[in-house]
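Asker: below are the sequence and a predicted model for it; my questions follow.
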Amino acid sequence: MSSEQREILLAIKDLYKEYGGKPVLKGIDLQVPRGEVIVVLGPSGCGKSTLLRCLNGLEPIQKGDILLSGQSLIRGKVDWEQIRQQIGMVFQNYDLFPHMTVIENILLGPTKVQNRERSQVMEQAKALLERVGLFDRMDAWPRELSGGQKQRIAIVRALCMNPEIMLFDEVTASLDPEMVREVLDVMLGLAKQGMTMIIVTHEMGFAQAVADRVVFMDSGTICEIAGPQEFFNNPRTERAKQFLNIFQY
């Protein structure tokens, strides 16, 4: 089914964001169909991470609208605690509570925020830990885990909230190279299972493998949107060509 035929899960309309009067996002327009994986590429400082933070209500916007399943997240009173259960986000830093074990970190949100039965969440958590290869680390403390393991736990924690869409902000940026693959493999698995995702990354090979569409940003604007093969093999804009040349594509 083409993206035009699928339900639009998330719509971004003419989004503007400023810091201290300086524009950071300048009229972003993007539609994200359910089940699509969008990879956002661009040079550092172009607004990629800021865009994700706006989508999750972590940054206010100055103009425009964000709609989730047709409902505005900007106009009227918005319960962001509720919305963030639907729009999961994983950051560069894992933000695991150091005084809680792995399983306690995972169970906290679903049981306290969503008031779900602990036994039900435990079953889901165990299945997800098995999927990411960390079932045997369920009772470990965060300090006992590698960076790649912590990031996989952060992904499991977000998934246990049963989000509609997942946002990933440079989740491998702080990892040693040998740990990057294990995290990217988890995300590739999510893509194959139909999870709607927006991924900011500098991992070009991963972007090419996972993306349904590539969104290339520069200076707070979207310069180009294309399928991965088209973007990496025949970018339309000179700015995208310059960017890809850095990575020797």
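Answerer: Received the coordinates, thanks.

Asker: and the helix or strand Q242 falls within, what does it pack against?
Answerer: Taking DSSP states H and E as the definition, one finds Q242 inside helix 238-246. In terms of contacts (3 or more C-beta pairs under 8 Å, 6 or more residues apart in numbering; DSSP states H and E), helix 238-246 is packed against strand 213-218, strand 221-226. Heads up, the C-betas are built off the backbone N, CA and C, glycines and all.

Asker: hmm, 10 Å instead?
Answerer: Under the contact criterion of 3 or more C-beta pairs under 10 Å, 6 or more residues apart in numbering; DSSP states H and E, helix 238-246 touches strand 37-41, helix 204-210, strand 213-218, strand 221-226, helix 228-233.

Asker: the residue nearest to E36 when sequence neighbours are not counted: what's it in contact with?
Answerer: Of all residues not flanking E36 in the chain, D212 sits nearest, at 4.8 Å (C-beta to C-beta, 6 or more residues apart in numbering). Residues in contact with D212 (C-beta atoms under 10 Å, 6 or more residues apart in numbering) are 3, 32-33, 35-39, 191, 196-197, 227-228.

Asker: what is the host helix or strand of Q151 packed up against?
Answerer: Using DSSP H and E, Q151 maps to helix 147-159. Under the contact criterion of 3+ C-beta pairs under 10 Å, 6+ apart, helix 147-159 touches strand 87-90, helix 102-108, helix 118-131, strand 165-169, helix 177-192.

Asker: and the residue nearest to N105 when sequence neighbours are not counted, its phi and psi?
Answerer: Leaving aside its chain neighbours, N105 sits nearest to L96 (5.1 Å; criterion: C-beta to C-beta, 6+ apart). Here is the backbone geometry of L96 (degrees, to the nearest 10): phi -80, psi 140.

Asker: low-confidence ranges in this structure?
Answerer: Along the chain, segments meeting pLDDT under 70 span 1-5, 248-249.

Asker: against N233, how distant is the residue most central in space within it?
Answerer: For the chain, L167 is the residue whose C-alpha lies nearest the centre (C-alpha atoms, centre = their mean; 1.7 Å). Computed as C-beta to C-beta, to the nearest Å, the L167 to N233 distance reads 27 Å.

Asker: same deal with L159?
Answerer: Relative to N233, and taking C-beta to C-beta, L159 is found at 33 Å.

Asker: ok, these two, which is more surrounded?
Answerer: L159 (21 against 12; other C-beta atoms under 10 Å).

Asker: got the contact list for the more buried one?
Answerer: 88, 90, 106, 124-125, 128, 131-132, 166, 186, 190, 195.
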